[in-house]
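A.B. asks: Mind looking at a prediction? Sequence and model below.
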Amino acid sequence: MVVSACGNKEEKSFEKALESNDLTKIRQKRTELVSQQENINSKIKELDTKISKLDTVKKIPLVTTIQAIEENFEHQLELQGNITTQQVLTIYPEYSGILTEVYVNEGDQVKKGQLLAKIDDGGLGSQLAKLKIQEELAKTTYERQKRLWDQNIGSEITFLQAESNYKAQQKAVSQLQQQIGKTQIRAPFTGTIDDVITEQGNVVSPGQSPLIRIVNLDNMYIETNVPERYIESVTKGKKTEVFIPVLNKTIETKIKQVANYVDPSNRTFKVEIDVPNKEKNIKPNLTAKVRINDYSSEKAILIPQSIISENANGEQYVYVVKNANDKNIGNANRTIIETGKIQGDVVEVTKGLQKDDLIINEGARSVKDGQSVEMISYEESK
């Protein structure tokens with residue numbers, strides 16, 4: 001009742017000063033209230049100090065930390081490419097005619113030069129037989145004339161005519177043999193028959209009728225484009241990991257070749273990567289994911305990207321627990337850091353952290369610089 005009465009009295013005094021419109025009285029009232037406010041704040045501060053001494057259960061933020069360790073770090077440049085082979089070819093005929101014979105089936109293994117199919121030669125074989133007879137006659141005539149000429153018998157012109165006729169017959173036979181050779185379809189390299197496109201009995205024409213597709217699965221490789229900023233780190237012989245999603249297969253290999261030309265349209269350069277294929281289950285045009293080791297460090301400190309914050313100046317920082325006591329209570333110290341390569345969810349810290357530093361993980365977003373925190377657990381950085 002006394003407090004209420006004092007409060008009402010003070011309220012009436014305040015209202016009376018306002019209603020008086022007297023500047024002197026209003027200023028006096030303001031000075032009086034300011035004095036009362038300072039007195040109240042001082043008492044509140046004394047109460048807080050007393051509470052702090054008497055309260056044994058303080059409200060200190062709970063955090064988890066990770067301990068910085070030095071570890072081996074191999075950064076992987078991730079790219080995508082298609083698997084291909086240097087030896088995949090669709091064979092077209094060089095001669096027009098009926099495809100009279102096909103000697104292979106799909107899946108057959110063939111050797112270089114092996115006869116795969118034959119086109120009707122349209123009577124060229126008979127013409128060749130006649131030319132060979134004429135060639136034999138010209139050869140016999142030439143040999144006789146040469147023996148006589150060596151004995152100084154007969155005229156020189158007769159010998160030269162026999163020699164010229166023999167050479168002309170040889171050339172005619174060779175040309176016809178080459179023409180007949182175009183009717184025979186032979187394997188350009190050792191490989192596997194992937195597809196017999198045109199069946200026996202069809203009429204084929206040069207450059208228009210695909211006959212057979214042959215593939216060599218031994219020399220497989222991936223061709224992919226690499227951004228120009230990696231031109232110094234992506235080099236010939238660099239260790240590479242190839243993952244083929246369709247086969248769920250990972251292959252350890254190396255870069256086979258690096259182009260010496262940067263494409264001005266997309267600022268990339270090409271690399272070729274060997275793909276061993278002993279089991280022959282990797283096929284051309286399969287999609288593959290490529291991971292190239294473009295950076296390595298034996299003493300890298302890695303931390304999760306999620307715990308890194310940024311200030312108004314664009315500087316990155318984390319909180320490190322300092323001066324921890326035996327109750328795992330310490331101070332959160334804001335530490336400016338510099339970062340390097342990113343791999344998945346972690347990033348390498350190149351400056352600002354030391355080995356064994358305790359970095360706040362869970363709770364990093366809610367603490368302030370210099371604030372007391374309690375560590376409930378910690379783990380090594382990964």
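C.D. replies: Alright, I've got the coordinates. Numbering: from 1, shown residues only.
A.B. asks: Would you agree residue 237 falls within a strand?
C.D. replies: No. Under the criterion used here (DSSP: H, G, I helix; E, B strand; the rest coil), residue 237 is coil, not part of a strand.
A.B. asks: residues near residue 330, how many?
C.D. replies: Using other C-beta atoms under 10 Å, residue 330 is surrounded by 19 other residues. Quick note: C-beta positions are derived from backbone N, CA and C, even for glycine.
A.B. asks: element containing it?
C.D. replies: Taking DSSP states H and E as the criterion, the element that holds residue 330 is strand 329-343.
A.B. asks: buried ones in that strand?
C.D. replies: 330, 331, 332, 333, 335, 337, 340, 341 (16 or more other C-beta atoms under 10 Å).
A.B. asks: quick one, strands of the stretch 201-350 of the chain?
C.D. replies: Assigned by DSSP state E, counting those that start in this stretch, the stretch 201-350 of the chain shows strands spanning 203-204, 212-215, 220-227, 239-244, 249-258, 268-275, 287-304, 309-310, 316-322, 329-343, 346-351.
A.B. asks: shaky segments in the chain?
C.D. replies: 1-10, 48, 51-58, 378-382 (pLDDT under 70).
A.B. asks: Helices of that one, residue ranges please.
C.D. replies: Along the chain, the segments classed as helices by DSSP state H run 2-20, 23-54, 124-150, 156-181.
A.B. asks: So for this structure, the centremost residue is which one?
C.D. replies: Centroid check for the chain by C-alpha atoms, centre = their mean gives residue 79 as the closest residue, at 1.4 Å.
A.B. asks: Distance of that one relative to residue 224?
C.D. replies: 5 Å (C-beta to C-beta, to the nearest Å).
A.B. asks: overlap in contacts of these two?
C.D. replies: Here residue 79 and residue 224 have residue 290 as joint contacts, going by C-beta atoms under 8 Å, 6 or more residues apart in numbering.
A.B. asks: related to what we said a few turns ago, any idea what the residue nearest to the residue nearest to the centre of the chain when sequence neighbours are not counted is bridged to?
C.D. replies: Distances taken as C-beta to C-beta, 6 or more residues apart in numbering place residue 290 nearest to residue 79, at 4.5 Å, with adjacent residues excluded. Judged by DSSP bridges, the bridge partners of residue 290 are residue 79, residue 242.
A.B. asks: what about dumping the CA coordinates of stretch 93-106 to PDB?
C.D. replies: Extracted C-alpha coordinates of stretch 93-106, given in PDB (Å, rounded to 0.1, in the frame of the first residue of the first chain):
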ATOM      1  CA  PRO A  93      33.000 -50.500-100.200                       C
ATOM      2  CA  GLU A  94      35.400 -49.100-102.800                       C
ATOM      3  CA  TYR A  95      33.600 -51.000-105.600                       C
ATOM      4  CA  SER A  96      30.000 -51.100-106.900                       C
ATOM      5  CA  GLY A  97      28.300 -54.400-107.200                       C
ATOM      6  CA  ILE A  98      26.400 -57.200-105.400                       C
ATOM      7  CA  LEU A  99      27.700 -58.300-101.900                       C
ATOM      8  CA  THR A 100      28.100 -61.900-102.700                       C
ATOM      9  CA  GLU A 101      29.800 -63.200 -99.500                       C
ATOM     10  CA  VAL A 102      30.000 -62.100 -95.900                       C
ATOM     11  CA  TYR A 103      32.400 -64.300 -93.900                       C
ATOM     12  CA  VAL A 104      32.000 -62.900 -90.400                       C
ATOM     13  CA  ASN A 105      29.300 -62.400 -87.800                       C
ATOM     14  CA  GLU A 106      28.800 -59.900 -85.000                       C
END
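A.B. asks: Now tell me what touches it from outside.
C.D. replies: Contact partners of stretch 93-106, identified using C-beta under 8 Å, 6+ apart, comprise 110, 115-122, 179, 182-183, 185, 193-196, 198-206, 209, 211-212.
A.B. asks: Please identify which of the helices of the chain is closest to residue 305.
C.D. replies: Each of those has some distance to residue 305 by C-beta to C-beta; the shortest is helix 23-54, at 37.8 Å.
A.B. asks: Does anything pack onto that closest one? Which helices or strands?
C.D. replies: helix 2-20 (3 or more C-beta pairs under 8 Å, 6 or more residues apart in numbering; DSSP states H and E).
A.B. asks: picking that back up, I'd like the strands of the stretch 201-350 of the chain as a markdown table, with distance to residue 169 appended.
C.D. replies: Shown next, in a markdown table, are these (distance: least, C-beta to C-beta, whole Å):
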| stretch | distance to residue 169 |
| --- | --- |
| strand 203-204 | 31 |
| strand 212-215 | 35 |
| strand 220-227 | 49 |
| strand 239-244 | 59 |
| strand 249-258 | 50 |
| strand 268-275 | 50 |
| strand 287-304 | 58 |
| strand 309-310 | 90 |
| strand 316-322 | 88 |
| strand 329-343 | 75 |
| strand 346-351 | 80 |
